[in-house]
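Peer 1: just coords:
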């Protein structure tokens, strides 16, 4: 019963957030405060109630700076005749696609509204041009008599006004076509993804193996059965995560070209993410034994990874999932990696704080917690000393002192008598001397 339940929960953890992807307070910018901009806000709010968090900017340059600083995912520059979608596919490819779709919908609505206004403005024009025709034709009758001849020909009083006023006005009012107004759409990628990874597939696919490898590093160091001081375990964790982070960077950028900018900072982000996961796993193993490995794997792999939003965006996930995911190392690490690889580290302060917090707590548990590893099953005296003793370098000595020394007992049939045994029977010596 337990295994099917675990499998069901694992599938649910990955499938449920993915099936609920939709914008939830997604920060976007609107440039300007014109009637067209207000109409865009109303259209977006109507299409996705509660889906967008609008930020107003005075011009396009301000909106561009906000996108580069990761304050918003994109912006709409709206004018009566055009609409520009400013996006950052490096922040999230699904969000960039969503903004493109929203921009096309806004342009279609703006085109329909402009056509309706043009048709409404043309209707009074047709009505106003018919009146001069009737007035002009009636004016000569009122004055009586025909008009003067032109070019030797007589023109009746009704003919002249019709030729110059009434006929033209009637034609213009009934047959003049209304020019259709079409709002054009233009898309600008302010911060694009790498040309070698245009869809961000490499980036989003790297989070899960990094999480699994970090858990394995902690398991190898803390459950190998080799006794070592706490200080040595800490050093091994840091060095192993730094080396693994560098290897991951060489693959992701050196071979696949998915992390194009700020190489040193990106390597540091990878290493810190792995250290936060490894230190947490090692700390749990130190505190509660092998069960800590299962607890850490469940937390990081089956909760942290699907809740991280690395394949979409945190604001596209349900609110509770977003909050939990960004407080776990996989989610914070994925956002930090985006910040260093594409945005010069902008907006990364909170993610660094989360990773440092998990790292410090895990390393403290390793250093000061009491080891409960399989090595403790060898006997009552095989349990390793506490982490504090190990860290101070007194672990081996204390371990040796804890092992009792068994004193050898003399053999009852030994040929050489014990001095103590001789001393306990002095009368035997006296009787032996008297016999001689």
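Peer 2: Received it, and whenever you're ready, just let me know what you need. These numbers were taken from a predicted model, which means no experiment stands behind them. Residues are numbered from 1 along each chain as shown.

Peer 1: which secondary structure element is home to residue 83?
Peer 2: Applying DSSP states H and E as the criterion places residue 83 in strand 82-87.

Peer 1: quick check: mean pLDDT of that strand?
Peer 2: Strand 82-87 shows an average pLDDT of 94 in the prediction.

Peer 1: for it, buried residues please.
Peer 2: 83-87 (16 or more other CB atoms under 10 Å). In this view, the C-beta of every residue, glycine as well, is placed from N, C-alpha and C.

Peer 1: angles on the backbone of residue 305, please.
Peer 2: Backbone geometry at residue 305, expressed as degrees, to the nearest 10, gives phi -70, psi -50.

Peer 1: what helix or strand is the closest residue to it other than its chain neighbours on?
Peer 2: Spatially, and ignoring its direct neighbours in sequence, residue 305 is nearest to residue 330 (4.9 Å; CB to CB, 6 or more residues apart in numbering). Secondary structure assignment for residue 330, by DSSP H and E: helix 329-342.

Peer 1: what's the first helix or strand after that helix?
Peer 2: helix 349-368.

Peer 1: export the buried residues of strand 82-87 to TSV and tack on distance to residue 353?
Peer 2: Shown next, in TSV, are these (distance: CB to CB, whole Å):
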residue	distance to residue 353
83	38
84	36
85	33
86	29
87	28
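
Peer 1: contacting residues around residue 109?
Peer 2: 39, 43 (CB atoms under 8 Å, 6 or more residues apart in numbering).

Peer 1: mind checking which helix or strand it is in?
Peer 2: helix 93-143.

Peer 1: follow-up on the earlier one: any idea which of the buried residues of strand 82-87 is closest to residue 185?
Peer 2: The closest of the buried residues of strand 82-87 to residue 185 turns out to be residue 83 (CB to CB; 5.3 Å).

Peer 1: so which residues make contact with the strand holding residue 83?
Peer 2: 29, 40, 60, 63-64, 67, 73-77, 95-96, 99-100, 102-103, 106-107, 110, 183-190.

Peer 1: just give me the neighbour total for residue 226.
Peer 2: 11 (other CB atoms under 10 Å).

Peer 1: show the pLDDT at residue 390.
Peer 2: Looking at residue 390, its pLDDT is 42.

Peer 1: over to residue 6?
Peer 2: pLDDT, residue 6: 86.

Peer 1: and what of residue 149?
Peer 2: Predicted confidence (pLDDT) for residue 149: 39.

Peer 1: then residue 422?
Peer 2: For residue 422, pLDDT reads 44.

Peer 1: for the stretch 101-250 of the chain, just list every one of the strands.
Peer 2: Ranges of strands within the stretch 101-250 of the chain are 184-189, based on DSSP state E, counting those that start in this stretch.

Peer 1: low-confidence ranges, it, go.
Peer 2: 123-181 (pLDDT under 70).

Peer 1: partners of the strand holding residue 83, with directions?
Peer 2: Partners of strand 82-87 in the sheet, by DSSP bridges, are strand 74-78 (antiparallel), strand 184-189 (parallel).

Peer 1: residue boundaries of the helices in the stretch 151-300 of the chain?
Peer 2: Counting by DSSP state H, counting those that start in this stretch, the stretch 151-300 of the chain has helices at residues 159-161, 167-175, 201-205, 207-222, 230-249, 263-288, 291-299.

Peer 1: in CSV: these, plus distance to residue 15 and mean neighbour count.
Peer 2: Listed next are these as CSV, based on distance: least, CB to CB, whole Å; neighbours: other CB atoms under 10 Å:
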stretch, distance to residue 15, mean neighbour count
helix 159-161, 79, 18
helix 167-175, 61, 14
helix 201-205, 16, 18
helix 207-222, 15, 21
helix 230-249, 27, 19
helix 263-288, 23, 24
helix 291-299, 17, 18
